[in-house]
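structure here, sequence nowhere to be found:
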């Protein structure tokens, strides 16, 4: 069985010589289909660098990262962009919706880059908004939505392209506890009912508690890797998605 | 996508394109008006008469002809009629100034002595009345034909036909009024003159038999240049000018003058168009400026798009298309404005309005090129952003 994500001994070094910074110093990690991983650690622990590499926004200096069997390390910018386009969905702390663009249009954006035809694009974007419970807000602009709603639109946008992994970078960082709980419940629900694989960075233990597995980084290394809940067996290998 | 981005910032987009709008509008207006002026001059020249040559005594000096030159005689006229087949019509004229009086109205105007061939050569049509008859021309009867201006000044709304007016010291009967040709491009009132038979003018006004100028029209199908050369040869011989000596008369080709004037206005049109094109270039710099601001302002958006899967090329294309859309929109609005403006100006200056497809297509294309040229650098800058840093940009 091949895992969804196979990371073997990756290093990331910024600068060189005296000013060399080892952001990642030999990290190995596998993520299986249907898992929900929380990545924790203090600032400067390398968790953001790790997420950037996991999200194909950056490449490791050394080591191997295979996403669905494809080695990422040697790919150029454009191929990485195509991988993000087809395999990954992003949810950010600051929501990062396009301003003055409706919720529906925001959700259509990844499909626009995938070259999906207009009618299908609209239908799938509406479906994604429906899955996060915002179908009735489709034509609202981001500034007409609450923070929690904006984050749900962002989750819909990440879902819409049917990615292999959704990467969430402190998704509840800008929300109050009630909204945070709503978002986490939504992520858990997507993970459980729709078997979507999620990797989430957080520094709040309360939020990490929702995940199936918690990985803690320190000084560019994984210090603990604890499973809190098992992945249900029916989740494995059933999700389909086009490999690149 | 580009249209959406532009609509989201409608006011700024409009101000950005204003440079291009003004640039394109001025190119169109300048060229259209310039061509109108050329057409107007060409019209004036052909209104003077088709294939017309004017022969005047005096050497071709830059500032007028010398007055000492020997005038032409009726024999010269007869010789031209008989010996130059390249010439179809010959109209000997003599002119001066005179005061015309009718009742208590008077008007100072030009008085020309000529016959009916003058009307043919100069393309004058009789509006009211009749031309001279043979007897009047031969015996020098006291009859005259009025241009529209003296008719209006002396008679107002009334009909002048059959009335007696006094021109200088000559009392004559008005037999006709000419159709108006209006004011020429050079501001000269072409209708301000009175015509009487040449013999009448010579006997009763100038007191000599001199002929001041001979107007001829070249035979159909004969180049005016050929007629000109034949005339020069004949007159040199008749006036006994030795080989190598300068002519003491001038044969002017009106078509040639028309061509010179057209060339001058054409050069002016090109010059004005080129100056206007520079303002279009400045408009392009305005677009580049605002696109650079937009790239900085939208760094985060670019980061989001890249995270979602936009390649560098996608981002480049997006910003390039935005710049081109802006400049093309500006171009279209500029074309409309330029056409409208030149139409208004053409009406105000009483010039023909000649919009050319070539100028319109040319300035449209140029504005699109401005978009590509000045949009590329900002778009390239956007495409080279690092997605991680762009996402972190506040």
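That came through fine. The structure displayed is predicted, hence computed values, not measured ones.

residues near residue B:183, how many?
14 (other CB atoms under 10 Å in any protein chain shown). (Each C-beta comes from the backbone N, C-alpha and C, glycine too.)

over to the one 3 residues further on?
Residues within reach of residue B:186, counting by other CB under 10 Å, total 9.

next, it: secondary structure please.
For residue B:186, the assignment made with DSSP: H, G, I helix; E, B strand; the rest coil gives coil.

distance check, it against residue A:64.
Counting by CB to CB, to the nearest Å, the gap from residue B:186 to residue A:64 is 87 Å.

contact residues of chain A facing chain B?
Neighbours of chain B within chain A, by CB under 8 Å from any CB of the partner chain: A:52, A:55, A:57-58, A:77-78, A:81-82, A:84-86, A:88, A:90, A:92, A:96, A:98-101, A:109-110, A:112-114, A:157, A:161.

got a quick ChimeraX command for the buried subset of those residues?
This is the ChimeraX syntax for the buried subset of these, where burial follows 16 or more other CB atoms under 10 Å in any protein chain shown:
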select /A:52,55,57,58,77,81,82,84,85,86,88,90,92,96,98,101,109,110,112,113,114,157,161
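
surely residue B:29 touches residue B:341?
Yes. Using CB atoms under 8 Å, residue B:29 is in contact with residue B:341, at 4.8 Å.

more neighbours: these two, which one.
Neighbours around residue B:29 and residue B:341, counted as other CB under 10 Å, are more numerous at residue B:29. The numbers are 25 against 16.

the nearest residue to that one once chain neighbours are set aside: neighbour count?
Leaving aside its chain neighbours, residue B:29 sits nearest to residue B:342 (4.2 Å; criterion: CB to CB, 6 or more residues apart in numbering or on different chains). Counted by other CB under 10 Å, the residues lying close to residue B:342 total 26.

the closest residue to residue A:3 other than its chain neighbours: which element?
Spatial nearest neighbour of residue A:3, excluding adjacent residues (CB to CB, 6+ apart): residue A:30 at 4.3 Å. Counting by DSSP states H and E, the element that carries residue A:30 is strand A:21-31.

and the helix or strand just after that strand, what does it pack against?
Sequence-wise, the next helix or strand downstream of strand A:21-31 (DSSP H and E) is strand A:36-40. Strand A:36-40 sits against helix A:47-54, helix A:177-194, strand A:197-201, helix A:205-208, strand A:213-218, with contacts defined as 3 or more CB pairs under 8 Å, 6 or more residues apart in numbering or on different chains; DSSP states H and E.

which outside residues touch strand A:36-40?
A:31, A:47, A:50-51, A:187-188, A:191, A:197-203, A:205, A:207-208, A:210-217 (CB atoms under 8 Å, 6 or more residues apart in numbering or on different chains).

which residues in chain A form strands?
For chain A, applying DSSP state E gives strands covering A:5-14, A:21-31, A:36-40, A:62-67, A:70-71, A:88-91, A:165-169, A:197-201, A:213-218, A:221-227.

sheet partners, orientation included, of the fifth one?
Put plainly, it is strand A:70-71. strand A:62-67 (antiparallel) (DSSP bridges).

and the angle from the strand it pairs with to helix A:47-54?
60 degrees (axes from the mean of the first three to the mean of the last three CA atoms, to 10 degrees).

now do strand A:62-67: distance to the chain's middle.
In terms of CA atoms, centre = their mean, to the nearest Å, the centre of strand A:62-67 is found 17 Å from the chain centre.

try stretch B:329-348
19 Å.

equivalent analysis for stretch B:356-365, please.
For stretch B:356-365, the distance to the chain centre is 21 Å (CA atoms, centre = their mean).

ok, and for it, which residues are buried?
Neighbour counts over stretch B:356-365 (16+ other CB under 10 Å) mark B:359, B:360, B:362, B:363, B:364 as buried.

got the contact list for that stretch?
So stretch B:356-365 is contacted by B:24, B:27-28, B:31-32, B:35, B:273, B:280, B:328, B:331-332, B:334-335, B:338-339 (CB under 8 Å, 6+ apart).

most neighbours of all those, which one?
residue B:24 (34 neighbours).

avg pLDDT for the strand or helix carrying that residue?
In this structure, residue B:24 sits in helix B:10-48 according to DSSP H and E. Over the span of helix B:10-48, the pLDDT mean works out to 85.

show me which positions of it end up buried.
Going by neighbour count (16+ other CB under 10 Å), the buried part of helix B:10-48 is B:13, B:16-17, B:19-42, B:44-45, B:48.

what's the local residue count around the nearest residue to residue A:184 once chain neighbours are set aside?
Take residue A:184 and drop its neighbours on the chain: the residue closest to it by CB to CB, 6+ apart is residue A:210, 4.5 Å away. Per other CB under 10 Å, the neighbour tally for residue A:210 reads 22.

distance check, residue A:210 against chain B.
Going from residue A:210 to chain B by CB to the nearest CB, to the nearest Å gives 24 Å.

residues touching that residue, list them.
Contacts of residue A:210 by CB under 8 Å, 6+ apart are A:36, A:38, A:184, A:185, A:187, A:188.

pull out the buried members of those residues.
Buried among the contacts of residue A:210 by 16+ other CB under 10 Å: A:36, A:38, A:184, A:187, A:188.

just these now: which is nearest residue B:306?
Using CB to CB, residue A:187 comes nearest to residue B:306 of those, at 23.7 Å.

pLDDT score assigned to that closest one?
The model reports residue A:187 with a pLDDT of 93.

contact partners for it?
A:36, A:155, A:168, A:171, A:198, A:200, A:210.

who is the fifth one paired with across the strands?
Think residue A:198. Listed by DSSP bridges, the beta-bridge partners for residue A:198 are residue A:36, residue A:166.

that one contacts residue A:169, correct?
No. The criterion here is CB under 8 Å, and residue A:198 misses it with residue A:169 at 11.7 Å.

which of these two has more neighbours?
Between residue A:198 and residue A:169, counted using other CB under 10 Å, the more crowded position is residue A:198 (26 against 22).

residues touching the more buried one, list them.
Residue A:198 neighbours (CB under 8 Å, 6+ apart): A:35, A:36, A:37, A:165, A:166, A:167, A:168, A:187, A:190, A:191, A:211.

please repeat the previous calculation with a cut-off of 7 Å.
The contact partners of residue A:198, by CB atoms under 7 Å, 6 or more residues apart in numbering or on different chains, come to A:36, A:166, A:168, A:187, A:191.

cool, and residue B:303?
Counting by CB under 7 Å, 6+ apart, residue B:303 touches B:387, B:390, B:391, B:393.

run through the residues that contact the residue nearest to the spatial centre of chain A.
For chain A, residue A:167 is the residue whose C-alpha lies nearest the centre (CA atoms, centre = their mean; 0.8 Å). With contacts defined as CB under 7 Å, 6+ apart, the neighbours of residue A:167 are A:51, A:54, A:55, A:88, A:90, A:199.

where does the residue of the stretch 251-394 of chain B found nearest chain A land on pLDDT?
Nearest residue of the stretch 251-394 of chain B to chain A, counting by CB to the nearest CB: residue B:309, 2.4 Å away. pLDDT recorded at residue B:309 is 91.

likewise for the one 10 residues further on?
The score at residue B:319 is 91. That number is its pLDDT.

pLDDT weak spots in the chain?
Using chain A. Where chain A drops to pLDDT under 70, the residues are A:1-2, A:234-244.

chain B was what I was after
Those would be B:1-2, B:49-50, B:60-68, if you go by pLDDT under 70 across chain B.

which residues of it lie near chain A?
Within chain B, the positions lying close to chain A (CB under 7 Å from any CB of the partner chain) are B:8, B:300-301, B:304, B:306-312, B:314, B:387-388.

before we move on, the earlier item: which residues does the residue of the stretch 251-394 of chain B closest to chain A contact?
Contacts of residue B:309 were listed using CB under 7 Å, 6+ apart, and they are A:81, A:82, A:84, A:85, A:110, A:113.
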